[in-house]
Each structure stands twice: as structure tokens, then as C-alpha cells.
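Novice: Sequence first, predicted model second:
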Protein chains: 2
Amino acid sequence: MDLLLTNGTVVTMNREREVLVGADVLVQDGRIARVGRNLRTRGAGLRVLDVRGKVVLPGLIHGHLHACQTLFRNRADGLELLDWLRERIWPFEAAHDADSMRASADLTFAELIRSGATAALDMGTVRHYDAVFESARDCGFRLTGGKAMMDAPDGPEGLRESTEDSLAESLALLERWHGTHGDRLRYAFAPRFVLSCTERLMREVARLARERSVRIHTHASENPTEVEVVRERTGQDNVTYFHEVGFTGPHVTLAHCVWLSEEEQRLLRDTRTVVCHCPGSNLKLASGIARVPELLEAGVTVCLGADGAPCNNNLDMFLEMRLAALLHKPRVGPRAMPASQVLEMATLGGARALGLESELGSLEAGKRADLTVVDLSGLHVTPSSPEDVLGPLVYAARASDVVHVLIDGRLVLKDRVLLTLDEASVATSARQHAERLTARVR
Amino acid sequence: MDLLLTNGTVVTMNREREVLVGADVLVQDGRIARVGRNLRTRGAGLRVLDVRGKVVLPGLIHGHLHACQTLFRNRADGLELLDWLRERIWPFEAAHDADSMRASADLTFAELIRSGATAALDMGTVRHYDAVFESARDCGFRLTGGKAMMDAPDGPEGLRESTEDSLAESLALLERWHGTHGDRLRYAFAPRFVLSCTERLMREVARLARERSVRIHTHASENPTEVEVVRERTGQDNVTYFHEVGFTGPHVTLAHCVWLSEEEQRLLRDTRTVVCHCPGSNLKLASGIARVPELLEAGVTVCLGADGAPCNNNLDMFLEMRLAALLHKPRVGPRAMPASQVLEMATLGGARALGLESELGSLEAGKRADLTVVDLSGLHVTPSSPEDVLGPLVYAARASDVVHVLIDGRLVLKDRVLLTLDEASVATSARQHAERLTARVR
């Protein structure tokens, strides 16, 4: 059904970065047909949604996420990356079955939609990734994801797999899901990180990704110890090594990149590799603070992501935007990371992280109708003016201000109510499966 | 009317830090009469509030706030402290009249109550502070506050005052408000900061504060430039100088303390001076990151505060708690600032910032009935267990999860609805007065 949103303050994120006050957005066949004033047209099957006084912005996009970990929320505080993985996350992941994966994914997409996110680049655990695609298929979320690949011989019990199995299962998932449901579901190879993968696997993933035109999604240079071990093992810095095995390029998204040499920063820029900044996670795991202003200044594409619930503990782009805007100022200055730049990371940057910049990230005719409507009239945002909404969106608004969400032209949240997921049963199922998982791990 | 809260998860913050699951809190005559299981007693005039499945915690307390600045929210982004003051905040403050001050205070207390705060230590602008007390009087908020004192001869036009006027007006406010309304409203001298005050004023305030047994509330060592100018002007570090003029002691609250020498840190500990950590504000104004783990380790009392809306841009203790828990970990380690310590800063620490640690900050028989009920069942907090609520409260919960708030035994928020302020008219009035203020400043 076609939809006309009327009388909103439309943050287009188009080339001119226009913000149109009192404007309409016409959605037809899942795409944005027109953006402008007085679009009111009469037509059969045209539904009108009055968004007067509210802000319409491109759907927010997480460039790095682990939907499979959402059930482990609040169960892994106070640990550094490698301990956090070994002591909590890997045992929990190994204990997943298909049903608990589905519960974790349902909880994830419900939380994401309620907080204004419409798409994500997701990394699973080693098995049961069909359940994540099935969840996104059913709730209408836009997912680019893939199973974690972990073929290192010293990998954790319960997750370690052979190189052949890792590649075969990845390709089978790719065949089943990539480009399905109107291209809303897409595959991305997800070799976990250098320390989890053999070089043979990485080189083969690099080759397959180019051959199949799918993305590579991995972690790089998150933690000083990780960087040191990578250097010992490969004789190179993490990103330099990735470049050698073929893990750079516009089709590659590297999460974190906290610890980079100048040479690695240049490599990221020259190869147009996408970096995902995860400020909440980097703080919680004591990883460090990525030099995002310098990366942006150098021309590197940077997006934002919440990472996993156990290292955050939310999946909330409003929190990540606020943090990204605030965190770098003491080091770089108060004009660092203005609201406009942060919002760009959360929209156009995220679109690039998915390789979908021609389809997503701005409200322009022809693009997919993924959009979020936010109410800036709450006390905690007051006073704000319709002429200047970017600062209020980034510094003052919160997830609970999200009112409506459309993905592919379909309303998935209306008046703060989820339409494609039953919130109460999602929460109940999450609690039950989290308890069972915890029991299996003990 | 007496009130029994039943079946909650009660975070007592008592000496043993007990968290009682399925417990009741009996409120009588504005105080907590009993905390425990199965308190259900029949009595005339006993109202019962079932808080099953929810968390009851001591009301959150901001140790540093500027209610007069809330109308300037979203109007001062991208500036460092001294520019932010000179270019925006002081001109706005000078443009206040009594009506705009009242509108700003109403907006402040409405936002604070909705986000679970029950008390604050507030600094006004130079004039019209009666309006802030009147607002707190009418809505039931617990306020310790005072007019800003700014008698430096090079002070900003429109705010600069004589030493005599500054002292006289402060004393007049103290006489009118201190200890009134069941001691819910209390006065605190508020000399703005070293650079706004003559030494004569500071020494006289130090004397009067001891004589009248009221608190001193000021700023210290927020920004490197400020610290440098203080050093040039006084020949001493900021806190060392404050110690000399009499601005240290358990009756003094110093906001920020980002830039301290070891000697100053020792002085704060030895004099039992209270420090207010304002992580959101310190990031936004590019001030720096206070060494809070070291201060706590040294035994300094540290509380939390949102500071002013234009440097934050919220007044939300959940955001400050989350930030305080996350921000120090990259430097100090993932076990720094555990949830229990952060919650202590926001409750018992805040009580000490008001000099009311025998009255507030924990849920124990005999203390004032200031408490906040939080719903941790939202998707963004799920899964969590009633046995471990501190992590979820600090890392995952948000202001919109606050359901009920009591101050002095009086329900001021029930089922997320303000009972003592009309939310719509508070917002409307704030918008109108903000526009008029902006027009007056231009």
C-alpha cells in the first residue's frame, strides 16, 4: 500500500543536506517516490500518516552488530575483550541452538526497530545463522549478515570448525538467503578476526567475496593485546595484514579500528574500506577510543554500531550517536564531531557499510523507503526549534522518542507499537531462552 | 497519606548494600517507616502501590545543576567552557526575568522527576532565584540552591554585581527559603568560580557558610585554560587557593575537578570536600575527563550531576550513570567504576553533596521517603534477573523506564505521569520563554 507522510520536518541527508520543514514524503512500491511540500495527491490505496511537528529521517543503520549475543545482555560486565570472549561470549555462543538464536534475533530486531534502526550488518556465531535470517524475514528488518567463521586450530571448543566446513556453510547460507525478499536480506562473509581464522580461510573468503559480489565483515584492531598477538603471529599490523590477504576495499567493513598506525589509516582511505566505530562497546571493554575525527578528516568512511548487547548493554543508535558526538571532544576540541557529521555516520555511513549507498541512507526519490519518525517534543529535548533539529536529534533525543518506523515502505512501528513482532512474547521468549542458555553453560 | 509499596526489588543502599527481592517499603509521615518482606498492615489511610517486578531505589540526586539554563538547551553546541559562557550562557542568563526563570525551573524539575531524580544542588544566575525556589516549592522537588555570586570587577555586563549586593541578596534568599517546607528547600551559597568572584567575597562566604551552617557550591578546575588563569591570578592551583579562602570541607561541593594536582587531590580527601563529577558536560565542553576512579580510591566523596542543559543536553541521571561507568574504563581497566559504585555516587554521594546523608541516599527506616521505581522489563534491558539489578540499572536502563517517584513521601510521578506539574503547559511555557529570551539576547 502506498503511504504519504505529511507535514514533517524532513532531514533528507541528500547532497545539499536539506532539512525541509512542513514537508511530505510519498512512498510507493517500497521506495521513496517524492519528497517535498504539498504532495497531497488523491489516489486509491493511498494511506496518509500525519507527522506534523515530528522529524522524519533516514532509518538508522548499525554497521556492526551481533544479534546472537543479545540474550547474553547483563551477563558479562567488567571484562576486557579477550577474557570477555573466552570466559563468557564463546561459551554462551557454543550453547546456542536454533530456537535460542531465533529468540535472540527477535529480541534484537524488536529493540532495533523501537530505537529507529532499519538495517544492520550482523555477525552471527558459527552455527544456526538461518534463524537470524528467518527472524529478519518475518519481522521485515533489513539484514546483511553472515555466520561467524572460526577455523583456527586453537579455537574455542564448541565453535571451532574446519576450513572446509566454514566455507561450505557460509556458501550454503549465501545461496539460501543472499538477495532474497526483494533484496532485503543479503549475505556477508564474517570471518571473526585474525586470531580466529587460518590464513587459508581468509584468502579464500577474499576470493569468494569478489567472485560473488558480497561483503566481508570482520573485526580489526579493537584491543591492544589483540593487536600485539596479531603482530606476533603475522609479523604485521592488523590492517596491513588484512590488506595482504585481501580484506580491504569498499566491500569490506572493519569493526572498531581503535589501534591503527598512520600507515594503516592511509590503507583504509586508499582502499575505501569502511570502518565501524562502536564507542559504547569500546568503552565498556576498556578497548580504547578510536581516532574517528582523524579518520573522517583523512576521508575514511566511518559508520556507527552498537556491537553486541553484552558489551554495551543496549542496541541503541541514539546512545551511540550521543557518545560519538561527545567522546572525542576532550582530545580534539568542542567543534569535533558536529551533529551533522554524526548523523551522517548513522545513515549514509551505515548505507556504505552495507554496500547499499545507492539504495539507503538518505530520503531521496528512488531510494528504498526506510525511514524513522522521531518526536522531539519531549521535555528532555525542549526547547528545540524545527529549523535546527540535528543537534537535538544527536545530543538530546533518545530511543523512546521514536514514533514510527518504515522498512521497504512497510510500517513496522506505529505510534511506538511494534507491528511485526509481539513485544510481550519476544521478551518472554528471550527470558526463557536466556535462562536455558545459562543453565547449559554452567 | 501513608503508602505501602509492595513486592518490589528494593535496592536499599544500606550499609550492607542489601537488595531485597519481593520486598515492601512502608512510608509514613514523609519518611520510610520500614523496609522488608510482608509488611502488609491494615490501617486507615494506608494506600497500597503494587510494584511487583519493578525496582525501588533511593531517589537519584544531582550534585551539580543549573536550572536557570534549561531554557538554553540546544542553543549552545560546539563551544569550549569560557567561550560558551561569554558568547551564550552569560548573555542568556542576563536576559532572564522572573517569569522566564520560573519557566526554566518548571521544565527542569519536570524533566528531573520524569528521569527519577528527587533532589539537586542547584546554582542559579545572579538574579531571580526566588522563582526557582517557588517552582520547587510548588512541584514538591527537593532543592538545595542559591543565586550565583559574581562580583568580579571584570565580570560580564548584566550579571556583574557589587560584593555588598551579592552578599545581601544571598542572605535575603537564605532567610526567605532555607529550611522551609519541612526542610525540603535549603539554601547554598553559590559563588560562581574563582574568575567571577573577588577574594573578599569568597572569604566572607566561607565565614557566613560556617556561621549559618549552610553549604557552599561552586566550580573548580573544569578546564585547562580556567586553571591556567586561576594560577596566573592567584599564584596557586584552584583547589589549593579555595582551601586558603575557606572553600574546602564537608560542607563544600566542588563541581568538575577535572584538572587536579596530587596535592589538590589530597586536600579534597583530607578536608572531606565533596566533588561532583559531570561526565556529559565535561565531554561536551571538551573540558577533559576527571580522574574519578583515583579520587574514589583515595577516599574522596564523589557524586554525579548533569550540570546545565546547554552543555549536556539532557538532565538525566541514567545517562550520567552510564557514562560514568563507561568513560573511565579505557584508561583504568574494565573493572573500574562497577555499577554498584556508580549507583552509590548517584544516591549516597548526592546526599553528601547536599549535606543530607543522614536523611537521604538510602532506603532505611527513618530516612526521608524520596524514592524512584524503575521498570526493568523493557526490551532494551531484557534479559535481566531480579537477583542482579545494579548492572541493568546503570548500563541498560533509561529515564523513560522510571514509573513512579516519591519525594518526602508524596507521589510526584505515577505511572509515568507528572502529578504536580502539567507537562504540556510546562513545555509550552518553556518554548515561549525561550523564544522571548532569544529575541532579547539578539
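Specialist: Perfect, I can see it now.
Novice: is it fair to say A:T41 lies in a strand?
Specialist: No. Using DSSP: H, G, I helix; E, B strand; the rest coil, the secondary structure at A:T41 is coil, not a strand.
Novice: and the gap between it and chain B?
Specialist: 33 Å (C-beta to the nearest C-beta, to the nearest Å). Just so you know, the C-beta spots here come from the backbone N, C-alpha and C atoms, and that holds for glycine as well.
Novice: And the pLDDT for A:S385?
Specialist: pLDDT for A:S385: 80.
Novice: ok, it - contacts?
Specialist: B:N74 (C-beta atoms under 8 Å, 6 or more residues apart in numbering or on different chains).
Novice: My guess is A:T438 contacts A:R75. True?
Specialist: Yes. Between A:T438 and A:R75 there is a contact under C-beta atoms under 8 Å: 7.1 Å.
Novice: what residues are up against the nearest residue to A:L354 once chain neighbours are set aside?
Specialist: Nearest residue to A:L354, sequence neighbours excluded (C-beta to C-beta, 6 or more residues apart in numbering or on different chains): A:T144, at 4.9 Å. Contact partners of A:T144, counting by C-beta under 8 Å, 6+ apart, are A:119-122, A:185-188, A:215, A:217, A:354-356.
Novice: Point out the ones among these that are inside strands.
Specialist: Cross-referencing those against strands under DSSP state E gives A:A119, A:A120, A:L121, A:D122, A:L185, A:R186, A:Y187, A:A188, A:R215, A:H217.
Novice: quick revisit: now do the SS call for the residue nearest to A:L354.
Specialist: Under three-state DSSP, the three-state class of A:T144 is strand.
Novice: Return the set of residues that bridge with it.
Specialist: With DSSP bridges as the criterion, the beta-bridge partners of A:T144 are A:L121, A:R186.
Novice: how near is it to A:S281?
Specialist: Going from A:T144 to A:S281 by C-beta to C-beta, to the nearest Å gives 19 Å.
Novice: ok, back up a step: would you mind measuring from the residue nearest to A:L354 to chain B?
Specialist: Distance from A:T144 to chain B, counting by C-beta to the nearest C-beta: 22 Å.
Novice: Over to A:H96?
Specialist: Distance, A:H96 to chain B, by C-beta to the nearest C-beta: 14 Å.
Novice: Please verify my assumption that that residue contacts A:Q69.
Specialist: No. If you go by C-beta under 8 Å, A:H96 and A:Q69 don't touch, sitting 9.7 Å apart.
Novice: Common neighbours of these two, please.
Specialist: A:S104.
Novice: Now for A:G22, how many residues are close by?
Specialist: If you count neighbours by other C-beta atoms under 10 Å in any protein chain shown, A:G22 ends up with 14.
Novice: sorry, back to before: ok, so of the contacts of A:T144, who is nearest A:N238?
Specialist: Of all the contacts of A:T144, A:H217 has the smallest distance to A:N238: 15.2 Å, by C-beta to C-beta.
Novice: Check what pLDDT the residue nearest to A:R192 when sequence neighbours are not counted gets.
Specialist: In space, and not counting its chain neighbours, A:R192 is closest to A:A148: 4.8 Å by C-beta to C-beta, 6+ apart. The per-residue pLDDT reported for A:A148 equals 98.
Novice: thinking again about what came up before, tell me the most packed of the contacts of A:T144, by neighbour count.
Specialist: Busiest of those [other C-beta under 10 Å] is A:A119, holding 32 neighbours.
Novice: gap between it and B:G182?
Specialist: 54 Å.
Novice: Likewise for A:C276?
Specialist: Look at A:C276 and B:G182: by C-beta to C-beta, they are 53 Å apart.
Novice: count of residues packed around A:E262?
Specialist: For A:E262, the neighbour count with other C-beta under 10 Å is 9.
Novice: again, but for the one 3 residues further on
Specialist: Residues within reach of A:Q265, counting by other C-beta under 10 Å, total 18.
Novice: Please identify the helix or strand for it.
Specialist: According to DSSP states H and E, A:Q265 maps onto helix A:262-271.
Novice: Sort out which residues of that helix are buried, please.
Specialist: The neighbour-count check on helix A:262-271 (16 or more other C-beta atoms under 10 Å in any protein chain shown) flags A:E264, A:Q265, A:L267, A:L268, A:T271 as buried.
Novice: Format these as a markdown table; extra columns: distance to chain B and pLDDT.
Specialist: Formatted as a markdown table, the buried residues of helix A:262-271 follow (distance: C-beta to the nearest C-beta, whole Å; pLDDT from 0 to 100):
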| residue | distance to chain B | pLDDT |
| --- | --- | --- |
| A:E264 | 19 | 98 |
| A:Q265 | 19 | 97 |
| A:L267 | 24 | 98 |
| A:L268 | 21 | 98 |
| A:T271 | 27 | 98 |
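Novice: Run the chain-centre distance for stretch A:352-367.
Specialist: Per C-alpha atoms, centre = their mean, to the nearest Å, the displacement of stretch A:352-367 from the mean C-alpha position of its chain is 14 Å.
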